[in-house]
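**Q** Provide a 3D model corresponding to the input given below.
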Amino acid sequence: MKAPNKSFMDITIPNAYRQVLRASLRAVKYSKPARYVIASRVRHFFRSPSSTPLDEKRFKRTLEFLDGAAKYHGVEHRLLRGLIRYWDQDRTYRVNVSVRVEVFEQRQQVKKIVDHVVEQLGKSMDIYI
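**A** Residues are numbered from 1 along each chain as shown. You can find the predicted model right below:
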């Protein structure tokens, strides 16, 4: 007997986190700094309440992007590597004795601009970044 047809949402919501995390870890070759950054980003994406459900086409394109980054050292790999270095700055660049407050405030303004550009890049590529 055939299993009843399940929609994309029924099948992937419980497993989407694991699929994206596995593909992301393969894309960064399980390297230590990058795997923590990517796991944090994926965790944040799935825990934050989103007003729109996952789009099947966009989700599949995201997995294709991550698989391409894992298999080839092409544009996808370089883009992902750059994004991870950028996202890692949040973890390592905090206000402390060595960082002036003015520099930290400027970084926050630049971060808003870069985040907007990354969001637009995700929309133009039709992937979740």
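**Q** Could you use CA atoms for every contact and neighbour count after this?
**A** Will do.
**Q** okay, now A69: neighbour count?
**A** Using other Cα atoms under 10 Å, A69 has 24 other residues around it.
**Q** Would you mark the buried spots in whichever strand or helix holds it?
**A** A69 is part of helix 56-71, with elements assigned from DSSP states H and E. By 16 or more other Cα atoms under 10 Å, the buried positions in helix 56-71 come out as 58-59, 61-63, 65-70.
**Q** could you dump the residues you listed to TSV with distance to D115?
**A** TSV is the format used below for the buried residues of helix 56-71 (distance: Cα to Cα, whole Å):
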residue	distance to D115
R58	19
F59	20
R61	20
T62	18
L63	21
F65	19
L66	20
D67	23
G68	23
A69	21
A70	24
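**Q** and of those, the nearest to E76?
**A** Among the buried residues of helix 56-71, A69 lies closest to E76 (Cα to Cα), at 4.8 Å.
**Q** which residues does the closest one contact?
**A** By Cα atoms under 8 Å, 6 or more residues apart in numbering, the residues touching A69 are 27-28, 75-78, 80.
**Q** May I ask which two of those are separated the most?
**A** With distances taken as Cα to Cα, the most widely separated pair in the contacts of A69 is V28 and V75, at 13.6 Å.
**Q** More neighbours: these two, which one.
**A** Using other Cα under 10 Å, the more surrounded residue of V28 and V75 is V28, with 20 against 12.
**Q** who's in contact with L21?
**A** L21 makes contact with 38-39, 42, according to Cα under 8 Å, 6+ apart.
**Q** Is it possible to get a markdown table of the residues you listed that adds secondary structure and neighbour count?
**A** Shown next, in a markdown table, are the contacts of L21 (DSSP: H, G, I helix; E, B strand; the rest coil; neighbours: other Cα atoms under 10 Å):
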| residue | secondary structure | neighbour count |
| --- | --- | --- |
| I38 | helix | 23 |
| A39 | helix | 17 |
| V42 | helix | 16 |
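**Q** in which helix or strand would I find H44?
**A** helix 32-47.
**Q** helices or strands up against that helix?
**A** helix 8-27, helix 75-92 (3 or more Cα pairs under 8 Å, 6 or more residues apart in numbering; DSSP states H and E).
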